[in-house]
Structures are given as C-alpha cells and as structure tokens.
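In: need the 3D shape of this:
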Amino acid sequence: MTALRLAGTFLRIGILNELQYRVNLVFSLVQSAIAVGTSLAVLALVFGNTDSLRGWSAGELLVVMGVHVLVGGLIRSVIQPNMQQLMEDIQRGTLDFVLTKPADGQLLVSVRRVQIWQAVDILVGAALVVVAVVRLPATPGVLDVLAFAAALALGAVSIYCFWLLLTTLAFWVTRLDPLVELFEGMYQAGRWPVSVYPGWLRIGFTVLVPLAFAVTVPASALTGRSTGWLLLGSVAFTVALATVTRLAWRHALRRYSGASA
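Out: Here you go, the predicted model:
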C-alpha cells in the first residue's frame with residue numbers, strides 16, 4: 001500500500017506539472033495519429049496481397065498493433081522518463097537525493113516522473129484493441145480477456161525490468177544514449193508478432209529484448225492463440241527477470257559514488 005500511495009503522489013505531481021504545458025497534448029495527438037496512420041497503411045498494404053501473415057489475420061495483427069501502441073505509451077509516459085532521469089542522476093552524482101529518502105530506492109527512481117501527455121498512446125492503443133476485437137470472427141471470452149490483462153501486466157513489468165537493467169549500465173558506462181536509441185529502434189519490430197521473424201530473431205526478441213512477452217503474448221491471449229503453458233512461461237520469465245533486475249540494482253548501487261561520497 002505504501003508503494004501505491006507513493007506512486008499516486010508522484011502521479012498527481014506529474015499531472016500538475018504537465019498541465020502547465022497543455023499544448024503538448026496537441027503534439028502528442030498529432031504524433032500518435034501519424035504513427036498509427038502509417039502503421040495502418042503498412043498493414044493495409046500487406047493484406048492487399050495476402051489473406052494472412054504467418055497464420056495471423058488482419059484483425060489479429062490489428063490487436064498486435066494496438067498492444068504495441070499501448071505498451072509504447074506506457075514506456076514513454078512512465079518508464080523512459082524515469083530511466084533517463086536515473087541516468088542523469090548517476091552521471092551528475094545527484095542520486096544521493098533519492099537514496100537518502102526513507103523509501104526503497106528502486107521504487108523511487110521508477111515512479112518519480114510521469115509525462116502524462118505521452119499517455120495518449122495508451123488510450124489510442126486501447127481503442128485499436130477494442131476495434132480489432134470487434135472485427136475478429138470470434139468474440140473473446142471472459143477467460144481470454146483476463147488472460148490478456150494478466151499477460152499485459154506481465155509484459156509491462158518485463159519491459160520495465162529490461163529498461164532498468166539497461167539503465168544500471170550507467171554506473172559503469174558514461175554514455176548510454178546509443179543503447180537507448182537501439183532499444184527504441186528494436187521496439188518498433190514489436191508491431192509484428194515475433195513468429196513472423198527468423199528463428200534467431202525470435203530468440204532475441206523473446207530473451208534478450210522481451211518484445212514477445214510485452215506485445216505478442218498479450219495479443220495471442222486476446223485472440224485465442226495462447227495456451228496456459230505460454231502464460232505460465234510468461235509468469236516464470238517475468239519473475240526471473242524481476243529477480244535478476246533487483247540483484248543487478250543492488251550490485252550497481254555499490255559502484256555509485258555521488259556528491260556526498
């Protein structure tokens with residue numbers, strides 16, 4: 001409960017700060033509209049020449065696209081701002097101001113910044129998912145929706161863990177900008193199911209960069225393509241990744257020497 005109250009406090013502060021720059025909402029809407037419009041055009045081009053892509057229909061791929069946009073909105077509104085702030089604090093030696101607070105350091109660096117206007121993509125992605133579900137031949141059942149929600153939550157946690165693992169490299173490496181740009185480029189590959197890629201890329205997008213768990217698995221759950229074993233695998237992977245991330249965070253803190261050192 002303490003963690004939820006703390007996250008809620010930072011969310012309110014973030015909303016108040018962002019409300020000072022309401023014109024950013026317009027830019028976010030335009031950016032989201034252009035990105036979604038381009039993706040829909042590519043999807044229409046693909047299915048103008050075929051009825052399915054590696055067994056995925058147009059409606060099912062629209063679900064994948066919606067989840068991709070939704071998770072991308074979560075990354076840009078909550079995860080990425082906090083991780084970039086953490087990188088800056090490590091480089092400037094100002095992480096002391098966080099670590100001396102009477103709360104868990106990892107929690108604080110993960111929730112203290114919120115860019116609320118970037119959350120537009122969360123709403124746009126959710127709308128795309130709803131439209132795609134309506135177009136599916138079979139309406140998802142209650143269990144499918146619950147499995148989708150669970151898989152989406154697990155995928156969000158796995159992406160957060162990956163970002164934090166990437167960010168902890170800042171304790172050893174001075175500049176991480178190229179790695180951040182590399183991740184953003186690879187994330188664009190998540191707009192397609194990992195099954196459409198060659199075997200070596202499937203492994204990379206599942207284990208190294210968890211796009212499969214963040215995007216493909218939730219979409220598979222909602223379209224009836226997943227199994228109980230796949231969801232159990234998502235749980236096991238997320239728990240293992242979260243454990244590794246926690247250990248990596250604690251180990252990285254031992255390398256930190258800030259302004260008060």
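
In: neighbours around G228, how many?
Out: Counted by other CB atoms under 10 Å, the residues lying close to G228 total 8. C-beta coordinates here come from the backbone N, C-alpha and C atoms, glycine included.

In: one more: the one 4 residues further on?
Out: The local packing count at L232 equals 10, with neighbours defined by other CB under 10 Å.

In: what about the nearest residue to I13 once chain neighbours are set aside, which SS state?
Out: Nearest residue to I13, sequence neighbours excluded (CB to CB, 6 or more residues apart in numbering): V114, at 7.9 Å. Three-state assignment for V114 (DSSP: H, G, I helix; E, B strand; the rest coil): coil.

In: would you mind measuring from V114 to Q85?
Out: 11 Å (CB to CB, to the nearest Å).

In: dihedrals phi and psi, V120?
Out: phi -50, psi -40 (degrees, to the nearest 10).

In: what's the neighbour count on it?
Out: So V120, with other CB under 10 Å, has 22 neighbours.

In: ranges for the helices of the chain?
Out: Assigned by DSSP state H, the helices in the chain fall at 2-18, 23-46, 58-74, 80-92, 96-99, 105-111, 120-135, 142-167, 177-187, 199-203, 211, 217-222, 228-253.

In: and among these, the most buried is which?
Out: helix 211 (a mean of 30; mean count of other CB atoms under 10 Å).

In: now do that helix: which elements does it pack against?
Out: Contact partners of helix 211 among helices and strands, from 3 or more CB pairs under 8 Å, 6 or more residues apart in numbering; DSSP states H and E: none.

In: avg pLDDT for that helix?
Out: Summarised as a single mean, pLDDT over helix 211 is 88.

In: residues in contact with it?
Out: M186, Y187, A189, G190, V194, F205 (CB atoms under 8 Å, 6 or more residues apart in numbering).

In: got JSON lines for these, with distance to A127 and pLDDT too?
Out: Shown next, in JSON lines, are the contacts of helix 211 (distance: CB to CB, whole Å; pLDDT from 0 to 100):
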{"residue": "M186", "distance to A127": "25", "pLDDT": "82"}
{"residue": "Y187", "distance to A127": "20", "pLDDT": "86"}
{"residue": "A189", "distance to A127": "23", "pLDDT": "82"}
{"residue": "G190", "distance to A127": "18", "pLDDT": "83"}
{"residue": "V194", "distance to A127": "24", "pLDDT": "89"}
{"residue": "F205", "distance to A127": "25", "pLDDT": "86"}
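
In: out of the helices of the chain, nearest to S52?
Out: helix 58-74 (8.1 Å; CB to CB).

In: quick one: distance of the closest one to the chain centre.
Out: 12 Å (CA atoms, centre = their mean, to the nearest Å).

In: count of neighbours near L53?
Out: If we define neighbours as other CB under 10 Å, then L53 has 17 of them.

In: residue contacts, it?
Out: Taking CB under 8 Å, 6+ apart as the test, what L53 contacts is V46, F47, L61, W192, V196.

In: do I have it right that the last one meets E60?
Out: No: counting by CB atoms under 8 Å, V196 does not reach E60; the two are 11.7 Å apart.

In: what's next to stretch 174-181, contact-wise?
Out: Contacts for stretch 174-181 (CB under 8 Å, 6+ apart): Q84, M87, Q91, L166, T167, L169, A170.

In: closest one to L222 out of the residues you listed, please.
Out: L166 (28.2 Å).

In: find the nearest non-adjacent residue to the closest one, please.
Out: L179 (5.9 Å).

In: pLDDT score for the one you found?
Out: L179 is given a pLDDT of 74.

In: and it, how far from L241?
Out: 18 Å.

In: cool, and P81?
Out: 21 Å.

In: sketch out the low-pLDDT regions of the chain for me.
Out: For the chain, applying pLDDT under 70 flags the ranges 1-3, 6-7, 10, 14-25, 28, 258-261.

In: try it again at 80.
Out: Applying pLDDT under 80 to the chain flags residues 1-40, 42-54, 117-118, 174-185, 255-261.

In: which residues sit in contact with L201?
Out: Residues near L201 by CB under 8 Å, 6+ apart: A189, V194.
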